[in-house]
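Q: only geometry, no sequence info:
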């Protein structure tokens, strides 16, 4: 399945809501609270596996290396919005993002970001938060 379909639907229109002139979106993934008394840290793990399996593997297999027409038709079948930005991403041929993270297995205090993500190409600021659903 095209991994761009694994999204909260409202994010499919975020590309149209970016402020004029915005070229970079920088976001963080922060554990907000514990549901267990006395627990004030989380073990951060799994991001490397996710990056390899989804952001590299699935995106290459089911998006970038698939026929552009098929990718767009599948996207429009499930998410009927303008696809200009999706076509542009396919044409680019890679995910223009940068992720910085704590080491796998690190203890991360509640309220401290485990990782950050930003776009590295000025035309793809929408992608930063679009990927949040999949990463979560």
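A: Sure thing, it's come through. Small disclaimer: the values here were computed from a predicted structure and weren't measured. Numbering: from 1, shown residues only.

Q: Helix or strand next in line after the longest helix along the chain, which one?
A: Using DSSP state H to define each element, the chain has its longest helix at helix 68-78. Per DSSP states H and E, the first helix or strand lying C-terminal to helix 68-78 is helix 84-92.

Q: And the contacts of that next one?
A: Residues from elsewhere that reach helix 84-92, judged by CB atoms under 8 Å, 6 or more residues apart in numbering: 4, 15, 63-64, 68, 71-72, 75, 95, 121, 123-124, 126-127. Heads up, the C-betas are built off the backbone N, CA and C, glycines and all.

Q: Of the residues you listed, select the buried ones using a PyMOL command.
A: Paste this into PyMOL to select the buried members of the contacts of helix 84-92, with burial taken from 16 or more other CB atoms under 10 Å:
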select buried, resi 4+15+63+64+71+75+95+121+124+126+127
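
Q: out of the contacts of helix 84-92, who's nearest residue 134?
A: Closest approach between the contacts of helix 84-92 and residue 134, by CB to CB: residue 4, at 8.7 Å.

Q: quick one: the closest one and residue 108, what's the gap?
A: For residue 4, the distance to residue 108 equals 28 Å [CB to CB, to the nearest Å].
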